[in-house]
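# Return a 3D structure for these sequence lines:
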Amino acid sequence: MMDIGTYTALLTALDNRALELLGIAVATYYLSVIIYALRWKTVLGGMGKTVPLIDLLKINLSSIFVNNVTPMSRGGGEILRITWVSKKHRVPVAVSTASILYERISEIVPVLILAVLGVSYFATHLRLLLVILSALMVLVWLKWDRVIVFSIRLFKIKLTQDDLVRMLELKRKPTVNMLTVGLSSAVWFLDVMRLKLIAMAFGWDPPLTFLSIVSLANLLFGLIAFTPGGIGIVEGGLMGTLTYFGIPSTLALSVTLLERLISYVSSTVIGFITLVASGGVEVWKALRSR
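Residues are numbered from 1 along each chain as shown. Model prediction:
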């Protein structure tokens, strides 16, 4: 992880146009955070629980800070989200846990789309890829109940029969499902666009199909990272992916540093401020004392 001086030197080397692109990249990141909150509100609403969007946004921002300072990537932040919304808004732990799990399941569709786009970077048979993608999406939808039940068993979530039924019934609410999947897809699109904007700040305009591969690789390295916020592992993985595909090491390093400046450094600062200002410190302390 580079120090602040390195980031400062990198930023001062950029011209006004590059800084404008970087500013838009920052905006796309925080727009994604807002969309995450809206997605969570949609799922909770579908399960019969109403929580103000602004409160869910504060919880999400705070959870990002916790993820960035605790090991095992998203583990600590997700626990904070579950505990906070359960304690402050009286949402049963089982329901809040199930809502977050349902959010993650909804990302199957955009991840499949990214995978196909990534493969299309190397392949020419786009029609075949579209057919495969469509078939996979239909299969996931037809087996949606089994996907949910399998996920519950995999993560050992204890739900009452009523909570399980409420979660499974979300499939019969097309508006909720379409909105949830649509919001998940929007987040992934913004993730790819953020990488493109950062690349463009250095005069490089990579195709979205290529960046789909990079985004998926970034996801993988983030999931397997065992350091707080994936420090070292995510940076090394992102830079390694770029250089593997022939991107000059200097450019790869610059893109990696700016991406992490946005997704790690700024989110840690904003998340900490939100945690303190929103009264979430008590919840976090309670979790750390367990």
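
# low-scoring pLDDT stretches of the protein, where are they?
In the predicted model, the chain carries pLDDT under 70 at residues 1-13, 71-75, 123-130, 133, 154-159, 163, 286-290.

# in it, which spans are strands?
Ranges of strands within the chain: none, based on DSSP state E.

# The longest helix that it contains packs against which elements?
When the chain is parsed with DSSP state H, its longest helix is helix 16-46. Other elements packing on helix 16-46 under the criterion 3 or more CB pairs under 8 Å, 6 or more residues apart in numbering; DSSP states H and E are helix 53-69, helix 93-106, helix 174-200, helix 267-277. Quick note: C-beta positions are derived from backbone N, CA and C, even for glycine.

# Which positions in that helix come out as buried?
18, 21-22, 25-26, 28-30, 32-44, 46 (16 or more other CB atoms under 10 Å).

# Is L183 in contact with I35, as I believe?
Yes: with contacts counted by CB atoms under 8 Å, L183 reaches I35, the gap being 5.2 Å.

# hang on, the earlier thing: take the helices and strands packed on helix 16-46 and lay them out in CSV including distance to F210 and mean neighbour count.
Shown next, in CSV, are the helices and strands packed on helix 16-46 (distance: least, CB to CB, whole Å; neighbours: other CB atoms under 10 Å):
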stretch, distance to F210, mean neighbour count
helix 53-69, 27, 22
helix 93-106, 25, 21
helix 174-200, 10, 19
helix 267-277, 25, 17
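
# Ok, which of these comes nearest L257?
For the helices and strands packed on helix 16-46, proximity to L257 was assessed by CB to CB; helix 174-200 is nearest, at 9.4 Å.

# now for the closest one, which elements pack on it?
Short answer (3+ CB pairs under 8 Å, 6+ apart): helix 174-200 packs on helix 16-46, helix 93-106, helix 108-120, helix 208-224, helix 249-260.

# Identify whichever of the ones you listed lies nearest to P174.
helix 16-46 (10.7 Å).

# quick one: the closest one to helix 174-200, angle?
160 degrees (axes from the mean of the first three to the mean of the last three CA atoms, to 10 degrees).

# Now do helix 16-46 against helix 249-260, angle only.
40 degrees.

# Please state the offset of helix 16-46 from the chain centre?
10 Å (CA atoms, centre = their mean, to the nearest Å).

# go on, stretch 78-87?
Distance, centroid of stretch 78-87 to centroid of chain: 17 Å (CA atoms, centre = their mean).
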